[in-house]
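1. model this:
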Amino acid sequence: MGWKSEWERSLSDPEGFWMEQAQAIDWGRAPSGALHDLGGPVPEWFADGMVNTCYNAVDRHVAAGHGDRTAIIYDSPVTGTVEHISYAALQDRVARLAGGLAAQGITAGDRVIIYMPMVPQALEAMLACARIGAIHSVVFGGFAAAELATRIDDAHPKAIIAGSCGIEPGRIVEYKPLLDAAIDIANHKPEFCVIFQREQGIATMTARDFDWEDFTEADPVDCVPVAGNHPAYILYTSGTTGAPKGVVRATGGHLVAMDWSMANIYGVKPGEVFWAASDVGWVVGHSYICYAPLIHGCTTVVFEGKPVGTPDPSTFWRVMADHEVVVFFTAPTAFRAVKREDPEAKYLAGHDLSKLRTIFLAGERADPDTVEWIARVTGKPVIDHWWQTETGWTIAGNPIGLEALPVKTGSPSVPMPGYDVQVLDEGGHPVAPGTLGAIAIKLPLPPGTLPTLWNAAERFKSSYLNAFPGFYETGDAGMIDEDGYLWIMARTDDVINVAGHRLSTGAMEEVLAGHADVAECAVIGVADALKGQVPMGFLCLTNGVNRAESEIVSECVKRVRDKIGPVAAFKLAVVVDRLPKTRSGKILRASMVKVAEGTLDKVPATIDDPAILDEIGVALKRLGYPVG
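-> Numbering: from 1, shown residues only. Coordinates of the predicted model:
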């Protein structure tokens, strides 16, 4: 079956389509139907089935005779470690950790926060919770104590599993003092903590702490079936109010969507090596480092390092070659870092990528210049796709396992099954093809997407459902072209109004990124007394560029004027060394706007380096812009 027929069938007969896909999962008790209206904000998937995520990700592969197959490859250039863990070994390790949790009274429905670096034990902790029906909430290792405390107070965990430290290029980040401080700040107190001690930073233990090594000597326990709508995990994402939103992922729909996506979107077979270069603190790490590859019987790579600096821009190429990766998935910003350090891809030499079939990008807009560079230096297809923490898997993509569609560089292609994507005007009416508007998805959302927010059903409605009744509001702006391809131009907040003209900052970034000397860029809208808003560009230059910055800025201004037109009023641009980003690589444009307006009262918890915002303020003053 081709993409279009499957997509249309999923919308016309969601019940039949998704019950068919659910057959790929091993159920303790098969669901009686796909969609169930239980009185919540949206219908729920496979609610009356009984199932266990850990069984589907680990035990069933061992039972099928694949216990010797490698489940996890741990590659850590920051420690010089490479480890291969078989499915059988993973089953034993997870069952013993689950046994330790069960012995301390953790049962189905209890919450457990996981605060770990990128080590196999992070996945083992997630799977151990799933094994006994506990609901895990992974918090990015090294998150500030105050932010961790807000998540403790929201999730009310009975236990916290943490690493003693994380390892960044050139420094050790001690996790345990941050964890202890968070527990002191939080109103809710966990009953106990389990600490995975790393030799690079041994933590001081307290009376509430168990050592991982001792804790995992417990007797192994079996998988506990839970209802199909039982929360598998809570993942916190930034909220516009400053309070994090706890995205809930229900078990049954998650299993079905993860397995379907591996075969149909990524085109991966059981036993093949799949690498998502992300972190378990983010949704990509949940979906495509831990769960989907293992559910599908693949080998997943757990990578502890950076695209550059551990030790150099060859790292991605080495890991792909060493472990015979067939599909690689990362954010465009990671490749921009590689391109900036090594624009001629000299560090690719000597690394055999013959096993690599496809490179996938997600997490932010994939500018055509970056996509074309990756394709040129690797000779591999580069596939952009678009999704969110809330959806857990692809909204729009190119399903190469189902049908490889023509690529339109700059577009994530077409909606996946279950997603009725529409572009709406401010009144909620569909707009004509090629017209910029708010991207929304007609309800119901497909399996694997969020059914609600943790303990916040009303906030779920106000955040996602109320703006366009009958639709899920994505918060992104874009258009659908004549061929049905979706184009993500910006967050809704990044569509600026210049003298009455609605313009996409993303379209301007695309033009700037096409300049030969620009490695990375961002465009924001700043206040202007005459036009309301005007765009301002920030340019990071490719290493080795030896030209006057003023020349490059002038050329960039001319490019935007030539390609978008005078209506953009693009005259302000400045060269900076780096852009403020989250740890997952997303550019914090809204924070840059607040720096310009003088309204930044709180540095985002997700920022990689807060000092960069000060640098942005200095750059704005260099431009003569009256900051604040």
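
2. just for the protein, where's the confidence low?
-> In the predicted model, the chain carries pLDDT under 70 at residues 239-242, 491-493, 499-500, 502, 627-628.

3. the residue most distant from the middle of it, which is it?
-> The centre of the chain is farthest from one residue, Leu530, which by C-alpha atoms, centre = their mean lies 38.8 Å away.

4. That residue in helix, strand or coil?
-> Put simply, Leu530 is coil when judged by DSSP: H, G, I helix; E, B strand; the rest coil.

5. Now Asn94. Nearest residue, chain neighbours left out?
-> Residue 94: Val, not Asn. Distances taken as C-beta to C-beta, 6 or more residues apart in numbering place Leu127 nearest to Val94, at 4.5 Å, with adjacent residues excluded. For glycine as for every other residue, the C-beta is placed from the backbone atoms N, C-alpha and C.

6. The one you found: how many residues sit nearby?
-> For Leu127, the neighbour count with other C-beta atoms under 10 Å is 26.

7. what do you get for Pro117?
-> Pro117 is flanked by 27 other residues according to other C-beta under 10 Å.

8. Could you do Asn264 as well?
-> Asn264 has 22 neighbours, counted by other C-beta under 10 Å.

9. what's near enough to touch it?
-> When contacts are counted by C-beta atoms under 8 Å, 6 or more residues apart in numbering, Asn264 touches 399, 401-402.

10. Could you report the separation of the closest residue to Trp454 other than its chain neighbours from Ile135?
-> Residue nearest to Trp454 in three dimensions, not counting chain neighbours: Gly246, with 3.2 Å by C-beta to C-beta, 6+ apart. To Ile135, Gly246 is 10 Å away according to C-beta to C-beta, to the nearest Å.

11. list the residues that contact both of those two?
-> 155, 234.

12. Strands of the stretch 301-450 of the chain, residue ranges please.
-> 325-330, 358-361, 382-384, 396-397, 414-415, 420-424, 437-442 (DSSP state E, counting those that start in this stretch).

13. Could you verify my assumption that Gly470 touches Pro444?
-> No - applying C-beta atoms under 8 Å, one finds Gly470 not in contact with Pro444, separated by 10.1 Å.

14. quick one: which of these two has more around it?
-> The neighbour count for Gly470 versus Pro444, taken as other C-beta under 10 Å, is higher for Pro444 (19 against 9).

15. so who does the more buried one touch?
-> By C-beta under 8 Å, 6+ apart, Pro444 lies in contact with 14, 35, 42-43.

16. Tell me the buried residues within those residues.
-> 14, 35, 42-43 (16 or more other C-beta atoms under 10 Å).

17. so can I have a markdown table of these showing distance to Phe335 and secondary structure?
-> Output for these, formatted as a markdown table (distance: C-beta to C-beta, whole Å; DSSP: H, G, I helix; E, B strand; the rest coil):
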| residue | distance to Phe335 | secondary structure |
| --- | --- | --- |
| Pro14 | 36 | helix |
| Leu35 | 39 | strand |
| Val42 | 36 | coil |
| Pro43 | 39 | coil |
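
18. between the residues you listed, which is closest to Phe360?
-> Pro14 (25.6 Å; C-beta to C-beta).

19. So what's the residue count around Ala527?
-> 13.

20. tell me the secondary structure for it?
-> Assignment for Ala527 (three-state DSSP): strand.

21. how near is it to Gly281?
-> Per C-beta to C-beta, Ala527 is found 34 Å from Gly281.

22. Pretty sure Thr452 sits against Gly40.
-> Yes - Thr452 lies in contact with Gly40 (C-beta under 8 Å); the separation is 5.9 Å.

23. quick check: longest helix of this protein.
-> Looking across the chain with DSSP state H, the single longest helix is helix 87-103.

24. for that helix, packing partners?
-> helix 60-63, strand 70-76, helix 120-132 (3 or more C-beta pairs under 8 Å, 6 or more residues apart in numbering; DSSP states H and E).

25. So which of those is nearest Pro368?
-> Set against Pro368 and scored by C-beta to C-beta, those come closest in strand 70-76, at 30.4 Å.

26. chain center to the closest one, what's the gap?
-> Here the centre of strand 70-76 is set off from its chain's centre by 20 Å, with C-alpha atoms, centre = their mean, to the nearest Å.

27. what's the answer for stretch 577-587, then?
-> What separates the centre of stretch 577-587 from the centre of its chain is 14 Å, taken as C-alpha atoms, centre = their mean.

28. what's the answer for stretch 119-127, then?
-> 17 Å.

29. neighbouring contacts of that stretch?
-> Residues from elsewhere that reach stretch 119-127 (C-beta under 8 Å, 6+ apart): 53-54, 57-58, 72, 74, 76, 83, 85, 90, 93-94, 97, 112, 114, 116, 136, 138, 161, 163, 196, 198, 212, 233, 280, 286, 289-291, 294, 300, 302, 304.

30. on that earlier part again, quick check, nearest of the buried ones among the contacts of Pro444 to Pro225?
-> Of all these, Pro225 sits closest to Leu35, with 20.9 Å by C-beta to C-beta.

31. So that closest one sits against Phe17, correct?
-> No - applying C-beta under 8 Å, one finds Leu35 not in contact with Phe17, separated by 10.9 Å.

32. Report the secondary structure state of His488.
-> Actually, residue 488 is Ile rather than His. strand.

33. Not counting sequence-adjacent ones, nearest residue to it?
-> Of all residues not flanking Ile488 in the chain, Gly478 sits nearest, at 4.5 Å (C-beta to C-beta, 6+ apart).

34. So that neighbour versus Thr237, what's the distance?
-> 20 Å.

35. between the two, which one's more packed in?
-> Gly478 (25 against 16).

36. That one: what's it in contact with?
-> 423, 436-437, 439, 486-490.

37. thinking again about what came up before, Thr452 and Gly40: who's more crowded?
-> When Thr452 and Gly40 are compared on other C-beta under 10 Å, the one with more neighbours turns out to be Thr452, at 21 against 14.

38. secondary structure element for the nearest residue to that one once chain neighbours are set aside?
-> Nearest-residue entry for Thr452: Phe460, 4.8 Å, with adjacent residues in sequence omitted and distances by C-beta to C-beta, 6+ apart. Assigning secondary structure by DSSP states H and E places Phe460 in helix 457-460.

39. Which residues does that helix contact?
-> Applying C-beta under 8 Å, 6+ apart, the contact partners of helix 457-460 are 40-41, 245, 450, 452-453.

40. shouldn't Tyr175 be in contact with Gly141?
-> Yes - in this structure, Tyr175 is within contact of Gly141 by C-beta under 8 Å, at 5.9 Å.

41. Tell me the residues that contact both of those two, please.
-> 115, 117, 162-163, 166.

42. Adding secondary structure and distance to Met416, write those out as CSV.
-> Shown next, in CSV, are these (DSSP: H, G, I helix; E, B strand; the rest coil; distance: C-beta to C-beta, whole Å):
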residue, secondary structure, distance to Met416
Tyr115, strand, 32
Pro117, coil, 32
Ala162, strand, 35
Gly163, strand, 35
Gly166, strand, 34
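
43. Dump those into a markdown table; add distance to Tyr266 as well.
-> Below are those laid out as a markdown table (distance: C-beta to C-beta, whole Å):
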| residue | distance to Tyr266 |
| --- | --- |
| Tyr115 | 29 |
| Pro117 | 26 |
| Ala162 | 31 |
| Gly163 | 29 |
| Gly166 | 28 |
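
44. tell me which of these is nearest to Thr204?
-> Distance to Thr204 across the shared contacts of Tyr175 and Gly141 (C-beta to C-beta) is lowest for Ala162, with 12.8 Å.

45. picking up where we left off before, then the residue nearest to Ile488 would be within a strand, right?
-> Yes - assigned with three-state DSSP, Gly478 falls within a strand.
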